[in-house]
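**Student:** Output the structure for:
(chains A and B)
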Amino acid sequence: EDQVTQSPEALRLQEGESSSLNCSYTVSGLRGLFWYRQDPGKGPEFLFTLYSAGEEKEKERLKATLTKKESFLHITAPKPEDSATYLCAANYGGATNKLIFGTGTLLAVQP
Amino acid sequence: NAGVTQTPKFRILKIGQSMTLQCTQDMNHNYMYWYRQDPGMGLKLIYYSVGAGITDKGEVPNGYNVSRSTTEDFPLRLELAAPSQTSVYFCASSPPGEDIQYFGAGTRLSVL
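**Tutor:** Residues are numbered from 1 along each chain as shown, chains lettered A, B, ... in the order given. Next up is the predicted model:
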């Protein structure tokens, strides 16, 4: 059964304290691993797509990496505005782009 | 640039009532999706469409219906609302040749 699991469920950091979020997946025929950010009361906002093991992508304080079983979202020197829920999703539907989502990591960055 | 627009933002239904959640996008995207998000759970795919006139079931389609008569609109219909359908519903769209999904702001539905 296709599955995406995220850990931890919640993470509290001090401003400037770097950390990583984990996304492990078991998806046959993976066609892309996605990271989204979701703010309270809003829809998910796209951050990254990774397609092959070893691939890395960066955006400001965020860097996403991919292995054959896991993806990590590294947050370097976070700021309070990075507080949000971070969602991981895997494309299991091929050309139809159907996604299976993890339950998310709620990140709180305190000043 | 409106993107993906969902209406209403909030709705309270009584058990057994019906309603349609509206979703429209102005980006000429072929693919559209409906998800539900329950507290502590990931988004679950309800239905999706790869173009006008073409729809298919996702993971959790029971109790819902969809139609896609135009590229822009993808309404989700609840025929006999049940408390188990209390959730936040998100619509998303994806352009041809690209796998990124762009989400609307959601509809928060309570069935009492």
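
**Student:** Return the distance of stretch A:31-46 from the chain's centre.
**Tutor:** Remark: stretch A:31-46 is offset 8 Å from the chain centroid, using C-alpha atoms, centre = their mean, to the nearest Å.

**Student:** So what touches it?
**Tutor:** A:23, A:25, A:47-51, A:62, A:64, A:66, A:71, A:73, A:84-94, A:97, A:99, A:104, B:4, B:43, B:90, B:92, B:99-106 (C-beta atoms under 8 Å, 6 or more residues apart in numbering or on different chains). (Glycine included, C-beta is placed from N, CA and C.)

**Student:** One more pass at 6 Å, please.
**Tutor:** A:47-51, A:64, A:66, A:71, A:73, A:84-91, A:94, B:90, B:99-100, B:103-106 (C-beta atoms under 6 Å, 6 or more residues apart in numbering or on different chains).

**Student:** near chain A, which residues of chain B show up?
**Tutor:** Within chain B, the residues that sit near chain A (C-beta under 6 Å from any C-beta of the partner chain) are B:31, B:42-43, B:90, B:94, B:99-100, B:103-106.

**Student:** can we see that at 8 Å?
**Tutor:** B:4, B:31, B:33, B:35, B:40-45, B:48, B:50, B:56, B:58-59, B:90, B:92, B:94, B:99-106 (C-beta under 8 Å from any C-beta of the partner chain).

**Student:** Take the contacts of stretch A:31-46 and, keeping just the buried ones, write it as a ChimeraX select command.
**Tutor:** Here is the ChimeraX command that selects only those of these that count as buried (16 or more other C-beta atoms under 10 Å in any protein chain shown):
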select /A:47,48,49,50,64,66,71,73,84,85,86,87,88,89,90,91 /B:90,99,100,103,104,105,106
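
**Student:** Filter the residues of chain B next to chain A down to just the buried residues.
**Tutor:** Judged by 16+ other C-beta under 10 Å, buried ones among the residues of chain B next to chain A: B:4, B:31, B:33, B:35, B:42-45, B:48, B:50, B:58, B:90, B:92, B:94, B:99-106.

**Student:** Kindly list the main-chain dihedrals of residue A:29?
**Tutor:** phi 70, psi 50 (degrees, to the nearest 10).

**Student:** quick one: contacts for it?
**Tutor:** A:92, A:94 are the contacts of residue A:29 under C-beta under 8 Å, 6+ apart.

**Student:** Distance check, it against chain B.
**Tutor:** 14 Å (C-beta to the nearest C-beta, to the nearest Å).

**Student:** per-residue confidence for that residue?
**Tutor:** The model reports residue A:29 with a pLDDT of 81.

**Student:** picking up where we left off before, just checking, which of the contacts of stretch A:31-46 belong to strands?
**Tutor:** Judged by DSSP state E, these include A:47-50, A:64, A:66, A:71, A:73, A:84-91, B:90, B:103 as members of strands.

**Student:** Can you classify the most centrally placed residue in chain B by secondary structure?
**Tutor:** Nearest to the mean C-alpha position of chain B, counting by C-alpha atoms, centre = their mean, stands residue B:34 at 3.2 Å. Three-state assignment for residue B:34 (DSSP: H, G, I helix; E, B strand; the rest coil): strand.
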